[in-house]
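A.B. asks: return a 3D structure for these sequence lines:
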Amino acid sequence: MSGPDKAVLVVDDDVELLGMLETLLVGAGYRVITATGGQEALEKVAQEMPALILLDMKMPGMDGWAFARTFWARYGRAAAIVVLTAAENARQHAGELGAEDYLSKPFEIEDLVRIVARYMDTPA
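C.D. replies: Okay, the predicted model is just below:
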């Protein structure tokens, strides 16, 4: 099996969760790029455009809101953004942000894989 050409960018300031997400997604056959904050995520995007961005909203420095605004201003809808949030109103946050989807923390592994597959396994 050849590796996927497009990556998933996971952005979260919780390094334990970031590591777990990376392990799960690599195990599911995806190529993963990680960043611990919005500014680092923008630097990673400038190096390589992912197909999907899993984005935590509450991070020190550049949070998910600021990252998304900057990303869309620079790149338009070049990658789908899925919001990762522990907030009760995850759907509302995703809608306000204009994200394609959301995943509430804590989430089930099956839900994570299903959402990633929705955006990664469809032909570009």
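
A.B. asks: shouldn't P106 be within a helix?
C.D. replies: No: according to DSSP: H, G, I helix; E, B strand; the rest coil, P106 belongs to no helix; its state is coil.

A.B. asks: tell me which helix or strand P50 sits in.
C.D. replies: Using DSSP states H and E, P50 falls within no helix or strand.

A.B. asks: distance of it relative to G95?
C.D. replies: Distance, P50 to G95, using C-beta to C-beta, to the nearest Å: 22 Å. For the C-beta atoms, the positions are set from N, CA and C on the backbone; glycine is no exception.

A.B. asks: those two: which has the busier surroundings?
C.D. replies: P50 (22 against 12; other C-beta atoms under 10 Å).

A.B. asks: excluding covalently adjacent residues, which one is nearest to the more buried one?
C.D. replies: Computed as C-beta to C-beta, 6 or more residues apart in numbering, the closest residue to P50 that is not its neighbour in sequence is L9, at 4.0 Å.

A.B. asks: need the three-state assignment for that neighbour.
C.D. replies: Applying three-state DSSP: L9 is strand.

A.B. asks: for it, give me its contacts.
C.D. replies: Taking C-beta atoms under 8 Å, 6 or more residues apart in numbering, we find L9 in contact with 32-35, 41, 44-45, 50, 52-54, 79.

A.B. asks: and M49, by the same measure?
C.D. replies: M49 touches 75, 78-79, counting by C-beta under 8 Å, 6+ apart.

A.B. asks: 7 Å instead?
C.D. replies: By C-beta atoms under 7 Å, 6 or more residues apart in numbering, the contact list for M49 reads 78-79.

A.B. asks: what does P60 give?
C.D. replies: Neighbours of P60 in contact, by C-beta under 7 Å, 6+ apart: 13, 37.

A.B. asks: how near is it to A66?
C.D. replies: Counting by C-beta to C-beta, the gap from P60 to A66 is 11 Å.

A.B. asks: please apply the same query to L17.
C.D. replies: 20 Å.
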